[in-house]
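# sequence first, then the predicted structure:
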Amino acid sequence: MRKLFIVGLALALSACGTTANTSNASLNTCLTQKAYATLNDGSLMTTEVKTLAKNISAACLKQLALEKSGLSEESVTAATNVLNALKAAKGE
């Protein structure tokens, strides 16, 4: 059931990326890549999700030069969602 949830979440994020402007699609891609990196390096299981989400969000916004565009809270929420989904899937 959780795997189905992960697939659904991935499809939803992909759909958001295709309907959003280029900067939002790039932001979603960056957030997802960095979230998977935390899964691969083990920090997802050892660090609080909210802390990781804030760090990932800040890094992606800085990388994409979007700090001043008002996407900070939106990107933290998106990163939190991806991290929680990955953590749940890993816990199966």
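Nice, thanks for sending it over.
# element containing the residue nearest the centre of the chain?
The centre of the chain sits closest to Ala79, judged by Cα atoms, centre = their mean, with a distance of 2.9 Å. In this structure, Ala79 sits in helix 72-90 according to DSSP states H and E.
# after the helix or strand of the chain with the lowest mean pLDDT, next one along is what?
When the helices and strands of the chain are scored by mean pLDDT, DSSP states H and E, helix 2-19 comes last with a mean of 53. Counting by DSSP H and E, the next helix or strand C-terminal to helix 2-19 is helix 22-41.
# which helices and strands sit right next to that following helix?
Under the contact definition 3 or more Cβ pairs under 8 Å, 6 or more residues apart in numbering; DSSP states H and E, helix 22-41 sits against helix 2-19, helix 49-63, helix 72-90. From N, CA and C alone the C-beta is placed, and that goes for glycine too.
# got the angle between the helix holding Ala79 and helix 22-41?
Angle, helix 72-90 to helix 22-41, by axes from the mean of the first three to the mean of the last three Cα atoms, to 10 degrees: 40 degrees.
# run the angle between helix 72-90 and helix 49-63 for me.
With the same axes, to 10 degrees as the basis, helix 72-90 and helix 49-63 are set at 130 degrees to each other.
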